[in-house]
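With the sequence up front, the predicted model follows.
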Amino acid sequence: MAQTVQSKTNSFLGIYTALLLVVLVVVQWFFPWWTLALVSAVIAFFLAKSGGDAFGKGFLVNALIWLVFALKSHFATEGILSQKVAQILPLGGSVAALTLLSVLIVGLVGGMASLSGFQIKQLLKS
């Protein structure tokens, strides 16, 4: 049982996840948000082992990176920008709801992009 848990932990923290994390942080720093999807698809094309692997890691890494950058932006503007955007959208002015919604959307975009990259690889194999 302990070996199974250990092997699953190592497989999550493998080269695919590490490369995805590092490259996406650099890309997010310098390029628009949607480039996260392109990079996720390309990296999944080369490194993902399965569709579930691609979607799960793509979702989690993209969501985590977006959360960090959203919090950085929130604190850099002392919450002013986040509050104004939350008031524009039908969120009742809730910055927490705005953050959760944006993290969910970016996570889904990243997960679907990664899955698409993996599926394109599968299509080209056959």
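That came through, no problem. Numbering: from 1, shown residues only.

Enumerate the positions of the helix or strand encompassing residue 119 that are buried.
With elements taken from DSSP states H and E, the one containing residue 119 is helix 95-125. With burial defined by 16 or more other C-beta atoms under 10 Å, the residues of helix 95-125 counted as buried are 95, 98-99, 102-103, 106-107, 109-119, 121. C-betas here are computed from N, CA, C, even on glycine.

Okay, now the unreliable bits of this protein?
In the prediction, the chain carries residues with pLDDT under 70 at positions 1-12.

do that again at 90, thanks
Scanning the chain for pLDDT under 90 picks out the ranges 1-14, 91, 126.

What ranges does this protein have for its helices?
Under the criterion DSSP state H, helices of the chain are mapped to 2-12, 15-30, 35-47, 51-76, 80-88, 95-125.

How about residue 81, nearest residue that isn't a chain neighbour?
In space, and not counting its chain neighbours, residue 81 is closest to residue 73: 6.6 Å by C-beta to C-beta, 6 or more residues apart in numbering.

ditto for residue 108
In space, residue 108 comes closest to residue 59 once its chain neighbours are excluded; the distance is 6.8 Å by C-beta to C-beta, 6+ apart.

In contact with that neighbour, which residues?
For residue 59, the set of contacting residues under the criterion of C-beta atoms under 8 Å, 6 or more residues apart in numbering consists of 107-108, 110-111, 114.
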